[in-house]
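**Q** Fold the following, please.
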Amino acid sequence: MRAIFLDKDGTLVEDVPYNVNPGLIELTWHAGQALQLLQHMGYALFVVSNQSGVAKGLFTEAALDPVHQRLTELLAQYGVELSGFYYCPHSPDGVISRYAIPCTCRKPLPGMLYRAAHEHDIDLSQSWMIGDILHDVEAGRRAGCQTILIDNGNETEWKLSAQRTPHFKASDLYAAAAIIADLEIGPRTMDGMDSMSQQL
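**A** As a prediction, this is how the structure comes out:
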């Protein structure tokens, strides 16, 4: 199986810090159409998200269930289905002791990607990680994936290294999907992608 691993906040949905209110969740520009195209190309779609708000006592793990459900509903409007929703509840500076621990799942470590690969028989070398900060890129590279940085201004540190250098950059998720499509099925205009999305 080939997969697209997606950061959630700032990549798939508009970034509202520590939000678990389903009513505030909105897909980023043309995210539905982007995932529609990627799914049509045969990729399974997975969310991999750091959720340090759990460790910081801002919300519980149970509060993430309605978030997952809302994402499912929004993407269903485009005929898109998530194959998995993975999150890391840990943070070294958390206040909830059982979550304030070192872990291997918090990006930039690749634990969530490895777990998904194990549970779904994913070929990481044929998969992609897409996110809006370099921690996403590093997690993807550590797992052996191709990576795309959504360069939307959310990355502010730019501490570059070989593992934190994206294979590609894109302005949004739709442009990221276009990069992958161009590599697999040849260059196409955005109008052409729109036509394909409407036909799916």
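**Q** Give the buried residues for stretch 50-67.
**A** 50-56, 58-59, 64, 67 (16 or more other CB atoms under 10 Å). Bear in mind the C-beta positions are built from the backbone N, C-alpha and C, glycine included.
**Q** Next, K169: secondary structure please.
**A** Of the three states, K169 takes strand under DSSP: H, G, I helix; E, B strand; the rest coil.
**Q** so what's it bridging to?
**A** L149 (DSSP bridges).
**Q** The residue lying closest to Y43 once chain neighbours are set aside: neighbouring residues, count only.
**A** Excluding the flanking residues, the one nearest Y43 by CB to CB, 6 or more residues apart in numbering is I4, at 4.7 Å. I4: 26 surrounding residues under other CB atoms under 10 Å.
**Q** Mind giving me the packing neighbours of the one helix or strand I4 maps to?
**A** Applying DSSP states H and E as the criterion places I4 in strand 3-6. The helices and strands touching strand 3-6, judged by 3 or more CB pairs under 8 Å, 6 or more residues apart in numbering; DSSP states H and E, are strand 44-50, helix 111-120, strand 128-131.
**Q** what mean pLDDT would you report for the helix or strand following that strand?
**A** The helix or strand immediately downstream of strand 3-6 is helix 31-40, counting by DSSP H and E. Throughout helix 31-40, pLDDT has a mean value of 98.
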